[in-house]
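J.: Turn this into a structure:
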Amino acid sequence: MLKKISPEVVLEAPVPKNPMAGFLIQKILFPTDFSNYANYALKYAISLATHFNAILYVLHVNVLLAQNYPPEVYHGMDADYIAYLKHCAKESLQKVVPPEVKTQIRVEEILEKGVPYQEIVRKAQALGVDIIVMSTRGRTGLDHTLTGSTTERVVSLAPCPVLSIKYPEFEFSKSKAAE
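T.: Coordinates of the predicted model:
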């Protein structure tokens, strides 16, 4: 049976000196589509990894390399071109985290193929990550209108907390009228 707690008891509860006490992050998953939005969220992932001395898994899910597409999608693409796409994705993935950061924290790059939100959730489960850090937006704007955002789906399906980072789209400055 649940016991009702009075508001006075809640307000009088001691506040811990360190709100992060007992909160341990050892593995962080950072999915990227190489967009500016993802690059902005990367700062948060690196900061957390540095603070907690955690492993930072950088994941890119390449939709073009997915095997679950019908053959018509690959019409005209030979094996060399698909290998080239994979090579470019791996090369881009290795450039996500600056080399000087890689000397300070452990970084592992992972390239997967498939549907982004499904692979992000699958990888989070497989790696046993403690948190996923990702942008609220990616490269595709139309995708959200048609199918919902990758981030929304990850948040609803992830086996761990998801820190979703909103890209600052507008710089607010003091207007002359406010002066």
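
J.: what comes into contact with stretch 89-99?
T.: 32, 34, 39, 42, 46, 56, 58, 60, 62, 65, 107, 109-111 (Cβ atoms under 8 Å, 6 or more residues apart in numbering). The way it works is simple: take the backbone N, C-alpha and C, and place the C-beta from them, glycine included.

J.: Minimum pLDDT in the residues you listed, which residue is that?
T.: Among the contacts of stretch 89-99, residue 65 carries the lowest pLDDT, at 63.

J.: hmm, back to that, return the entry from the contacts of stretch 89-99 with the maximum number of neighbours.
T.: Neighbour counts for these, by other Cβ atoms under 10 Å, peak at residue 56, which reaches 25 neighbours.

J.: For this structure, which segments are assigned as helices?
T.: The residue ranges that make up the helices of the chain, judged by DSSP state H, are 7-12, 36-52, 79-94, 99-102, 116-127, 142-147, 150-157.

J.: Not counting the last one itself, show me its contacts.
T.: What it means is helix 150-157. Counting by Cβ under 8 Å, 6+ apart, 31, 116-117, 120-121, 132, 134-138, 143, 162, 164 sit against helix 150-157.

J.: can you rerun that using 6 Å?
T.: The set of residues external to helix 150-157 that reach it, using Cβ atoms under 6 Å, 6 or more residues apart in numbering, is 116-117, 120-121, 134, 136, 162, 164.

J.: Redo the residues you listed as JSON lines? Include neighbour count, distance to residue 151 and pLDDT.
T.: Conversion of these to JSON lines gives the following (neighbours: other Cβ atoms under 10 Å; distance: Cβ to Cβ, whole Å; pLDDT from 0 to 100):
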{"residue": "116", "neighbour count": "24", "distance to residue 151": "10", "pLDDT": "91"}
{"residue": "117", "neighbour count": "22", "distance to residue 151": "8", "pLDDT": "93"}
{"residue": "120", "neighbour count": "26", "distance to residue 151": "9", "pLDDT": "96"}
{"residue": "121", "neighbour count": "22", "distance to residue 151": "12", "pLDDT": "97"}
{"residue": "134", "neighbour count": "29", "distance to residue 151": "6", "pLDDT": "94"}
{"residue": "136", "neighbour count": "16", "distance to residue 151": "5", "pLDDT": "85"}
{"residue": "162", "neighbour count": "19", "distance to residue 151": "8", "pLDDT": "95"}
{"residue": "164", "neighbour count": "17", "distance to residue 151": "5", "pLDDT": "91"}
